[in-house]
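> can't give you the sequence, but here's the structure:
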Ligand SMILES: Nc1ncnc2c1ncn2[C@@H]1O[C@H](COP(=O)(O)OP(=O)(O)OP(=O)(O)O)[C@@H](O)[C@H]1O
């Protein structure tokens, strides 16, 4: 479903974010992307969503070469992806139901149907009873779960979550991870980046990046 073939990314002469990265992620897998800050995790995720393009090598998503994807193809790709990225803030002047409906409304979905689906998405992340609250009335962990609801309201085939537990305490982080794992359990392919080693406990598959390179990991198939 996601293939990287010798992918490198150089932002400038002295900023190489990825070096010759090759990997495969199959449909329905839950994969953690681990590594310290600056290792290239965000860059790798951005390439899957065609936010960044490879400097060399090939990235294939849904059988499509991202490096060759023209502008018209980008919305079609992104509609199949649920993106939970750090820079995508919630709109503070709208309640969380309105925030969750937004991705549907921008694609022209009728309001009533969008509201129904947004409510179902909020229910899945355990926040339906807060539908009328505004983002700033929620804790960081709750806001992150709204971001998940907003990302899954379009029923994506792949969820990309970039450091979804950053700045959360253990209890809030576990709730966010549980919400993501629930989508994996119904067949959605999930890629979750983290620099928090505790998040990796029990992970079936961990991809580890350091200085833009894949490093071997003994966590593959590791037990809880
Ligand atoms: N737009 C950009 N222009 C120039 N350099 C960049 C850009 N984005 C990232 N980099 C550099 O590429 C390297 C990898 O960054 P990236 O954000 O992918 O790492 P990361 O593992 O996600 O880190 P973090 O966990 O801190 O977000 C870093 O050295 C970073 O400074």
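Ah, there it is. Just so you know, these numbers come straight off a predicted model, no measurement behind them.

> longest helix of the protein?
Secondary structure of the chain per DSSP state H: the longest helix is helix 170-185.

> buried residues, that one. List them.
Residues of helix 170-185 classed as buried under the neighbour-count rule (16 or more other Cβ atoms under 10 Å) are 172-173, 175-177, 179-180, 182-184. Glycine gets a C-beta too; all of them are placed from N, C-alpha and C.

> helices of the chain, start to end?
Counting by DSSP H, the helices of the chain are 41-48, 73-79, 96-106, 111-124, 140-152, 170-185.

> leaving out the residues flanking it, which one is nearest to residue 113?
Leaving aside its chain neighbours, residue 113 sits nearest to residue 104 (7.6 Å; criterion: Cβ to Cβ, 6 or more residues apart in numbering).

> circling back: of the helices of the chain, which is nearest the ligand?
The closest approach between the ligand and any of the helices of the chain, judged by Cβ to the nearest ligand atom, belongs to helix 41-48 at 3.1 Å.

> counting by contacts, list what that closest one packs against.
strand 2-12, strand 15-25, strand 30-34, strand 56-61, strand 158-162, strand 189-194 (3 or more Cβ pairs under 8 Å, 6 or more residues apart in numbering; DSSP states H and E).

> now render those as JSON lines, adding distance to residue 132 and mean pLDDT.
Converted to JSON lines, the helices and strands packed on helix 41-48 look like this (distance: least, Cβ to Cβ, whole Å; pLDDT from 0 to 100):
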{"stretch": "strand 2-12", "distance to residue 132": "37", "mean pLDDT": "97"}
{"stretch": "strand 15-25", "distance to residue 132": "37", "mean pLDDT": "96"}
{"stretch": "strand 30-34", "distance to residue 132": "32", "mean pLDDT": "96"}
{"stretch": "strand 56-61", "distance to residue 132": "37", "mean pLDDT": "97"}
{"stretch": "strand 158-162", "distance to residue 132": "26", "mean pLDDT": "96"}
{"stretch": "strand 189-194", "distance to residue 132": "29", "mean pLDDT": "95"}
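
> any chance of those strands in JSON lines, plus mean neighbour count?
Formatted as JSON lines, the helices and strands packed on helix 41-48 follow (neighbours: other Cβ atoms under 10 Å):
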{"stretch": "strand 2-12", "mean neighbour count": "17"}
{"stretch": "strand 15-25", "mean neighbour count": "17"}
{"stretch": "strand 30-34", "mean neighbour count": "22"}
{"stretch": "strand 56-61", "mean neighbour count": "18"}
{"stretch": "strand 158-162", "mean neighbour count": "24"}
{"stretch": "strand 189-194", "mean neighbour count": "24"}
